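Visitor: Dropping a prediction and its sequence here:
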Amino acid sequence: MEKDQQRLNLEGLVRKLRSVTLAVQLLPFVYGFLFVLAMVAYLVLPEWISVICDHLFYVSLVVIIYNLILSRTLKLCAWHRAACLVPLLPELVSVADQTIIDLSEQAAVINIWTIITMTFILLISAYKVFFSNGRR
């Protein structure tokens, strides 16, 4: 009877671990694609929608590091970690704009290239993580 109880407890733990792993694996991709849509909204929609997008989609470096730690802890592939890093790209552009060079004249073009780069990285990463047998 005690062994049956232990087996049930172990099965419950395995189900929880699978759920956590699935959530950690999927969320960077879902968030990344929503983030790309938000960046498109910055370019074409009114300012008040941009403010809402800022509140919904800003990702701090702390959250990015947290996602990378979870990815490594669950032994997910390098492509998953690449998807975790996607929100860092616009932050790098913003830091460069504020500290290194004024990008105000080229901001729209830089934003479009940032969106294209983020989309490309997410699509390649999603393919490698979910559809390719050669995960690394």
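Guide: Arrived safely.

Visitor: only C-alpha atoms for contact and neighbour calcs from this point on.
Guide: Noted.

Visitor: longest helix of this structure?
Guide: In the chain, taking DSSP state H as the definition, the longest helix is helix 2-44.

Visitor: Need the pLDDT of the residue nearest to the spatial centre of the chain.
Guide: In the chain, the C-alpha nearest the mean C-alpha coordinate belongs to residue 28, at 3.2 Å (Cα atoms, centre = their mean). Per-residue confidence (pLDDT) for residue 28: 86.

Visitor: and if you look at residue 120?
Guide: On the pLDDT scale, residue 120 gets 90.

Visitor: burial measure for it, as a count.
Guide: 12 (other Cα atoms under 10 Å).

Visitor: is it true that residue 42 touches residue 52?
Guide: No. Residue 42 is beyond contact range of residue 52, at 10.1 Å (criterion: Cα atoms under 8 Å).

Visitor: Run the chain-centre distance for the longest helix of the chain.
Guide: Relative to its chain's centre, helix 2-44 lies at 12 Å (Cα atoms, centre = their mean, to the nearest Å).

Visitor: for stretch 53-64, same thing?
Guide: On Cα atoms, centre = their mean, the centre of stretch 53-64 falls 10 Å from that of its chain.
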